[in-house]
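# what follows is a predicted structure for the sequence shown.
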Amino acid sequence: MEKSIMGLTNALPLGGVASAQKIAFEEYNLDNGLHVILHHDPSAPVVITSVMYHVGSKDENPEKTGFAHFFEHLLFEGTKNIKRGEWFKIVTSNGGVNNANTSDDRTYYYEVFPSNNLELALWMESERLMHPIINQIGVDTQNGVIKEEKNSRYDNQPYGKILPIVKENMFESHPYRWSTIGSMEHLDTATLEDFKDFHKKFYIPNNAVLVVAGDFERNQAKEWIEKYFGPIEKGEVLKKQTFVEKPITQTIKATYQDPNIQIPMVVASYRTPSMKTRDARVLDFISSYLSDGRSSKLYKKVVDEKKIALQIGAVGFSQEDYGMYIIYGLPMGTHTAADLLNEIDEEIVKIQTNLISEKDYQKLQNQFENQYVDNNSNVEGIAENLAKYHLLYGDINLINTEIDLYHSISREEIREVAKKYLNPNQRLVLDYIPSIETVQN
């Protein structure tokens, strides 16, 4: 599911603890183009089987949005050999758990089973790829599920529309301009053939990566992978369109009224480069320095010391083509959104003008070192990272080397990147306020 503006944790609780040492893996391709990655970790008797497809909401027709997220749900409906409603029963009755999530860039499915059920997991994922049942009953059922999800997570949740509003104002031509959950009207008017066409185009072995991680016997795993995935036909080679956004050169101003809130929020959002760039990693440092937790510069200043905000924070959306750095705050008492923006800008100007202290720099290095270890501290996290670095970054070994990139970032780079991207004329300022009806009540 799509990330929340107020924060989201993706950690999975099961599995063994991995060493912070180099992550060993083997990778190869099947004849049909499916990329396979194996990571052996016998520290706990579990095995993770996952498939990541290179399809997200950015691959949708602007007039037919929400399809990628829709298939996240629909592909649990059943297959030629797994009856409708039986998927989760099979998983739980064999001691497993499973789930899926969708972003703008990819869709990810995974199962965690006791290690003696690897063959079952591989068969199920191959069934999802080879023999899905896409019929009107499943489409109608999941349409209702997704409408309920939209109501609970967006329409009726306080501050639930922040991300969709930010995205539609930050992007003009790129498909990032719509939310992952898409338009309910588009889903209502889509035909069964529309869904089948989308599936045929994107859910193919040569647009996916299969990861097996955990406690398994390597040769046996390879035999089963060939047995269950080898016969799947290769799909047509995808030709993905490239979308280029014009630079933001004037402050974008927007207002949105939310009937679910009573306290206004101000949002400042900056467009950032692809997560694959060095600048994106420098911006990760800047985000952490400014607004990551109670010890960050902004929190200590506007919440603890000056007491002009009830809350302040930020979320960075690192994505394949572009990213966003979104700072949000709740003004306190008689203080206004403009007051809060002034404080934010003062701290940004300090970074743009002066080098951060050696103490703060070392703190950032320690934070990212700990984050790197934590991200690879269990076999589930390793499985997802292996898939992500291969599919989205094109460099699977980043699982071992990305921390070196962060170590190489200098204080001078932090200053220069802040100058490059974090200027008032390069951002959206969103006044996210209570609706008139809410204020009157």
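Structure's in. What do you need? Residues are numbered from 1 along each chain as shown.
# for the nearest residue in space to E86 that is not next to it in sequence, phi and psi?
The shortest distance from E86 to any non-neighbouring residue, by C-beta to C-beta, 6 or more residues apart in numbering, is to G78 (6.7 Å). The C-beta positions use only the backbone N, C-alpha and C, and glycine is treated the same way. For G78, the backbone dihedrals are phi 150, psi 170 (criterion: degrees, to the nearest 10).
# Y53 now?
Torsion angles at Y53 (phi, psi; degrees, to the nearest 10) stand at phi -100, psi 140.
# who's in contact with K161?
154-155, 256, 258, 432 (C-beta atoms under 8 Å, 6 or more residues apart in numbering).
# top of those residues by neighbour count?
Within the contacts of K161, Y432 tops the neighbour count with 24 neighbours, counted by other C-beta atoms under 10 Å.
# ok, the host helix or strand of that one: who's next to it in the sheet?
In the assignment (DSSP states H and E), Y432 maps to strand 427-434. Paired strands of strand 427-434, with direction, are strand 252-258 (parallel), strand 265-273 (antiparallel) (DSSP bridges).
# show me where the chain has strands.
For the chain, the strands defined by DSSP state E cover 26-29, 35-40, 46-53, 97-102, 107-114, 208-214, 252-258, 265-273, 309-317, 322-331, 427-434.
# mean pLDDT added to the ones you listed, as CSV?
Output for those, formatted as CSV (pLDDT from 0 to 100):
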stretch, mean pLDDT
strand 26-29, 98
strand 35-40, 98
strand 46-53, 98
strand 97-102, 97
strand 107-114, 98
strand 208-214, 98
strand 252-258, 97
strand 265-273, 97
strand 309-317, 90
strand 322-331, 96
strand 427-434, 97
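# to E63, which of those lies closest?
Distance to E63, taken as C-beta to C-beta, is lowest for strand 97-102 among the strands of the chain, at 19.2 Å.
# buried residues in that closest one?
Under the neighbour-count criterion of 16 or more other C-beta atoms under 10 Å, strand 97-102 has 98, 100-102 buried.
# now that strand and strand 46-53, what's the angle there?
With axes from the mean of the first three to the mean of the last three C-alpha atoms, to 10 degrees as the basis, strand 97-102 and strand 46-53 are set at 20 degrees to each other.
# for strand 97-102, give me every contacting residue.
For strand 97-102, contacts defined as C-beta under 8 Å, 6+ apart pick out 1-2, 10, 14, 56-57, 68-69, 72, 75-76, 88, 91, 107-112, 180.
# repeat for stretch 246-259
158-161, 165, 169-170, 172, 271, 424-438.
# of those residues, buried ones?
Buried among those (16+ other C-beta under 10 Å): 159-161, 165, 169-170, 271, 426-434.
# quick one: contacts for L129?
Neighbouring residues of L129 by C-beta under 8 Å, 6+ apart: 51, 203-205, 208, 229, 232.
# now the two most distant members of those.
Using C-beta to C-beta, the pair of these lying farthest apart is Y203 and F229, separated by 13.0 Å.
# any idea how far the most centrally placed residue in the chain lies from K388?
In the chain, the centroid-proximal residue (C-alpha atoms, centre = their mean) is S103; its distance is 5.0 Å. According to C-beta to C-beta, to the nearest Å, S103 and K388 sit 10 Å apart.
# dump the buried residues of strand 97-102 to JSON lines, plus distance to I382.
Formatted as JSON lines, the buried residues of strand 97-102 follow (distance: C-beta to C-beta, whole Å):
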{"residue": "N98", "distance to I382": "17"}
{"residue": "A100", "distance to I382": "18"}
{"residue": "N101", "distance to I382": "17"}
{"residue": "T102", "distance to I382": "21"}
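# what's the closest of those residues to N135?
Once C-beta to C-beta is applied, the member of the buried residues of strand 97-102 that ends up nearest N135 is A100, at 19.6 Å.
# helix or strand with the lowest mean pLDDT in the chain?
helix 436-440 (a mean of 61; mean pLDDT, DSSP states H and E).
# just for the stretch 151-300 of the chain, where's the confidence low?
Across the stretch 151-300 of the chain, nothing is flagged by pLDDT under 70.
# coming back round to it: residues in contact with the residue nearest to E86?
By C-beta under 8 Å, 6+ apart, the residues touching G78 are 84-87, 132-133, 138.
# ok, now with 10 Å
By C-beta atoms under 10 Å, 6 or more residues apart in numbering, G78 lies in contact with 84-87, 127-128, 131-135, 137-138.
# and those residues as a markdown table, adding neighbour count, distance to A338 and pLDDT?
Shown next, in a markdown table, are the contacts of G78 (neighbours: other C-beta atoms under 10 Å; distance: C-beta to C-beta, whole Å; pLDDT from 0 to 100):
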| residue | neighbour count | distance to A338 | pLDDT |
| --- | --- | --- | --- |
| R84 | 14 | 55 | 95 |
| G85 | 11 | 54 | 93 |
| E86 | 13 | 57 | 97 |
| W87 | 19 | 52 | 96 |
| E127 | 19 | 57 | 97 |
| R128 | 20 | 51 | 97 |
| H131 | 13 | 58 | 97 |
| P132 | 21 | 52 | 97 |
| I133 | 17 | 55 | 96 |
| I134 | 19 | 51 | 97 |
| N135 | 16 | 54 | 96 |
| I137 | 11 | 53 | 97 |
| G138 | 20 | 50 | 96 |
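# between these, which is closest to N375?
Within the contacts of G78, proximity to N375 (C-beta to C-beta) peaks at R128, which comes in at 26.4 Å.
# pull the contacting residues for the closest one.
For R128, the contact set (C-beta under 10 Å, 6+ apart) comprises 51, 75-79, 82, 87, 100, 109, 203.
# dihedrals phi and psi, I181?
Main-chain torsions, I181, degrees, to the nearest 10: phi -70, psi -20.
# that one is in contact with Y154, isn't it?
Yes - at 6.9 Å, I181 counts as touching Y154 under the criterion of C-beta atoms under 10 Å.
# picking that back up, find residues that contact each of Y203 and F229.
With C-beta under 10 Å, 6+ apart as the test, Y203 and F229 both reach 51, 129-130.
# looking at these, which is nearest I409?
For the shared contacts of Y203 and F229, the nearest to I409 is V51 (33.4 Å; C-beta to C-beta).
# the closest one: neighbouring residues, count only.
Neighbour count of V51, defined by other C-beta under 10 Å: 23.
# what about it, distance to K227?
V51 sits at a distance of 16 Å from K227 (criterion: C-beta to C-beta).
# got it, and P114?
As judged by C-beta to C-beta, P114 and K227 stand 20 Å apart.
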